[in-house]
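Asker: build me a model from this:
(chains A and B, ligands or ions: 2)
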Amino acid sequence: MEAVGARSIGARVMRVEDPRILTGRGQYVDDVTLPGMAHAVFLRSQVPHGRLLSLDVSEARALPGVVAVYTGEDIARLTTAAQAGAVSGMNLSPDMKSPSFHSLATDKVRHVGDPIALVVAESRYIAEDALELIVDDIEMLDPVVTYEDALDPGKPPIFDELEDNVYLTAEMAFGDIDAAFAEADRIVRASIQVHRHQPVPMECRGLIAAWDPSAEHLTIHASTQSPHMLRMVLPDQVGIPIESIRVIARDVGGGFGLKNSVTREDVAIVAAAKDLGRPVKWTEDRLEHLATAGHAREEMADLEAAVSADGVLLGVRMDVKVNIGAYPSDPFPGAMQAYTIIMSFQGPTRLRALAGTSAALFSNKATYVAYRGPWATADFLRERLLDIVADELGIDPLDVRRRNYVVRDEPPLAMLTGRPFAGVTTRESVEQAAGLMGWDAFGERQRAARREGRYLGIGMASYLEAAPGPRVPGQDGPDIMGYETAHLSIEAGGQVVIVTRQQPHGQGHETTLAQVAADELGVRFEDITVRYGDTDITPMAIVGTGGSRAATMANGAVLHASRELRGKVISLAADLLEANPADLELAAGVVSVKGSPVVSLTLAELARVASDEPHRLPAGAASDLAVTRTYDGGRSGWSGGTHCCIVEVDVETGIVSFERYVVVEDCGVPVNPAIVEGQVRGGVAQAMGAVLLEHAAYGEDGQYLAGSFMDYLLPTTTVVPRIEIHHVQTVPTDPDVNFRGVGEGGMIVAPAAIVGAIEDALRPFGVRALEQHLPPARIVELAGTLRPR
Amino acid sequence: MTDHRANRPAPGVEIELVVNGATRSAATEDRVTLADFLREGLGLTGTHLGCEHGVCGACTVLLDGEAVRSCLMLAVQARGRQVTTVEGIADGDDLSPVQLAFRESHSFQCGFCTPGFVMSTVALLAGNPNPDEREIRETLSGNICRCTGYESIIEGVLLAARRNVEAGLPG
Ligand code: FES
Ligand code: FES
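Answerer: Numbering: from 1, shown residues only, chains lettered A, B, ... in the order given. Ligands and ions are numbered 1, 2, ... in the order given. Coordinates of the predicted model:
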């Protein structure tokens, strides 16, 4: 533990969470048992697309130990069908055609794993036995699998009420795109694919719903990133008002964006619990998870770039397609990526014009969900395009980056979208990464290695991450995720309690928020408790933890609330000690007169006076030691940086190994460097998985092919190398809060750096990597070791 | 109030085993996995289930000192044997050396994989008190962590190993 008086911010303070999780005392949702609790499992479709002709659950209902079996018909009676995004009004977007659907299939099944029936039994084992006794009759329909299928007028619409499989179309333009193309020396074209892969938190989804019929009150225990989101989305569907719903989430075993939605299973479990009047638990298994919990990133773009002779991007036209699967996620439909991929494409470049069209398409696949940097394909497209421009023009990719990335305080001072390039350190990070890697000397090594039949490659990519990032001047008010509120109070024993709306699931907010408050308040780190995960006490938030917002938003709210609370403490102490507030100091939880430490009051004494002896306070003085503070993000800056790696590709086996991986990043002031490093490395590891291993694959017939960890391969200790992390000197943009988000960075930029390095290694084979997924089988194809099938 | 337990089928067999040093006996069905028995039968929810098909290692426990996947075993197979779970290795509030080294190395994030890594590491260091990084990576390649990128976990094992050496354990 840090010495008393030492600054807590910036220290590698050991995590408060760790003694609990290291000894098995964490409480994840499946660890919760309620009296009288029953267990639920879902019967799921084996076919991708079909009409449900009949469903016979009579034998299952008769099995001893079965409490109830719900069909789509039952659910249609107990709940109201919904449109995704209704809570935010997003379902009414003019370019969107929103289908309504129930939590269980009523008329059709729309992907492998679509829930058809819900069995509730005395034990999980019995519930699974009962599944075997259900008989369904499904008439198969033509499956819609690919982008081409979705755009094919000959394919059946997945939702009968819509005439086709186009969910949303968008079109947007910034700058003078025609002028950019008129001025261009070269036009560079590329069609780039990102494959379907998925977040895969190690804890699957899960929910316990308990309905109290006498109080007409619902308590939910959930594995979620956003407890209040359930309260906001459920009422319209299950007919319970928001004020009668309490959501509790203690430890959450990872999320990465997947647990930032309310799923159809959530609705069905709540409906069953309310109907039965007893608690119902659903714990998803891994097969269900891989097939149905949510996939991400199946996106492609046709790019056309107007380029100057020296490799500068003048303008880009892009046409984006997003394959969002069957049921849009609620409340943030994956269709949003049709916008964000265009809006985020520019990154740190000086691009002058951008014109994009996009379409989000339905298919017979699992729901598209957010995954760590939901717009990440934008960064992949941009960085891949820069490498392709370098290759076509015969310029070093490092020089192309130098020519394209903005220099701080030189024009342009803002992105095409209007967001200022405030405090960007991209160029510094590029130079630092190139220097660390010995970029200039690498060519010689690469040639020498090739002479020995070894294929080395180097790749680089940079990014900016808005979490929330600088505001567009004149655009006030919160974005979709809102402002951040924190409550701080001093309890009777002198303990400081922070209540946050964040829902940590690995990010260590119990530690970092306390670090910020310790410094600002003058209280020992161990005298601060962070509470979260109970909607009865936490401030409202549609998103709890997501979008890497805690660093700026939650730390900022706690920092300002701490200052305000410190002011209250000092003013109360000044009244009681009859001292001038300016003469008082607060350190280690004791207020004393500077220079005469014997004249002092502890926080516990102050808290007692405030609560028990208000008559001792002067008239008008605040009689509580509590503060609620909402923070708007201040003058938040960008996170960003550069990744650079050297790989070796074995062209016989297709195996890629990392010789060195360097991250140079700027996340402002790190509150706890160990936590920052963990976030960066975790993101890079996921990117390594995405490029080398992971694929949520479907067959041409729409069958799901990756339903176990033997098929959906995750990176292990033998795949992920050591990852070096270096920091660039940050440029403060706010007078008080310069902590910046770091959660997405690794995952959004690393795929481009890795694919760039692999392409560079395979240059002797004339390879251009136009896809993100390069598993061994694909690499041997590209290298010509094996002929493509 | 209806008695919902009325139609619950009778549990099958009575088994006795030693869990974290204490003799425990409980009734279980033949088909119940060791993991479910520990979690539901004995309330030891520290052992986690990340896949239930033997790949992720989250469910790792020690059976007579050997690391095993409790999702792949039946409870009845542990009859009469010694089982150690993540709840059984700290001494009250004092973390075990492996837990302490992981804590000091900021090894974990969400904590879901953690019990499995702790138990796999305890087994590894029991057999080899001072493994090198390659040995650590090979042994722990059967445990999946989605949060950390592993480096912090490897650092934790190396720290525990260094302390073994300092304590004079053969390496
Ligand atoms: S739960 Fe046993 S190995 Fe994954
Ligand atoms: S710490 Fe989250 S899975 Fe390992």
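
Asker: any stretches of chain B with poor pLDDT?
Answerer: Applying pLDDT under 70 to chain B picks out residues B:1-11, B:170-171.

Asker: what do you get if the cut-off is 80, keeping everything else the same?
Answerer: By pLDDT under 80, the low-scoring segments of chain B are B:1-11, B:169-171.

Asker: so what are the domain limits for it?
Answerer: Structural domains annotated on chain B: B:8-87, B:97-167, as defined by automatic domain parsing.

Asker: would the longest helix seen in chain B count as contacting ligand 2?
Answerer: Identified as the longest helix of chain B according to DSSP state H is helix B:151-166. No: using CB under 6 Å from any ligand atom, helix B:151-166 stays clear of ligand 2, with a minimum separation of 7.9 Å. Backbone N, C-alpha and C define where each C-beta goes, glycine included.

Asker: residues making contact with that helix?
Answerer: Applying CB atoms under 8 Å, 6 or more residues apart in numbering or on different chains, the contact partners of helix B:151-166 are A:674, A:677-678, A:681, A:717, A:720, A:722-723, B:97-98, B:100-102, B:104-108, B:117, B:121, B:124-125, B:129-131, B:133, B:136-137, B:140, B:145, B:171.

Asker: and if you look at stretch B:16-35?
Answerer: A:125, B:11-15, B:37-38, B:41-42, B:44, B:47, B:49, B:52, B:59, B:61, B:68, B:70-85, B:87-88.

Asker: now do 7 Å
Answerer: Contacts of stretch B:16-35 with the rest of the structure, by CB atoms under 7 Å, 6 or more residues apart in numbering or on different chains, involve A:125, B:11-15, B:37, B:41-42, B:47, B:49, B:59, B:70-71, B:73-76, B:78-85, B:87-88.

Asker: quick one on the thing from earlier: include distance to residue A:88 and mean neighbour count when you put the domains of chain B into TSV, please.
Answerer: Written out in TSV, the entries for the domains of chain B read as follows (distance: least, CB to CB, whole Å; neighbours: other CB atoms under 10 Å in any protein chain shown):
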stretch	distance to residue A:88	mean neighbour count
domain B:8-87	33	19
domain B:97-167	27	22
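
Asker: so which bits of chain B are right by ligand 2?
Answerer: Checking chain B against ligand 2 by CB under 6 Å from any ligand atom, the hits are B:108-114, B:145-148.

Asker: closest one to ligand 1 out of the residues you listed, please.
Answerer: residue B:113 (9.5 Å; CB to the nearest ligand atom).

Asker: give the helix, strand or coil label for whichever residue of the stretch 451-600 of chain A sits closest to chain B.
Answerer: The stretch 451-600 of chain A approaches chain B most closely through residue A:506 (3.4 Å), counting by CB to the nearest CB. Assigned state for residue A:506: coil (three-state reduction, DSSP: H, G, I helix; E, B strand; the rest coil).

Asker: count of residues packed around it?
Answerer: 29 (other CB atoms under 10 Å in any protein chain shown).

Asker: kindly state the pLDDT recorded for the closest residue to residue A:195 other than its chain neighbours?
Answerer: Setting aside the residues directly before and after it, residue A:195 is nearest to residue A:773 in space (CB to CB, 6 or more residues apart in numbering or on different chains), at 4.1 Å. The score at residue A:773 is 98. That number is its pLDDT.

Asker: okay, and the beta partners of the spatially most central residue of chain B?
Answerer: Nearest residue to the geometric centre of chain B (CA atoms, centre = their mean): residue B:61, 3.2 Å. Beta bridges link residue B:61 to residue B:68, judged by DSSP bridges.

Asker: tell me the SS of whatever residue of chain A ends up closest to chain B?
Answerer: Distance from chain B to each residue of chain A (CB to the nearest CB) is smallest for residue A:24, at 1.9 Å. Using three-state DSSP, the structure places residue A:24 in coil.
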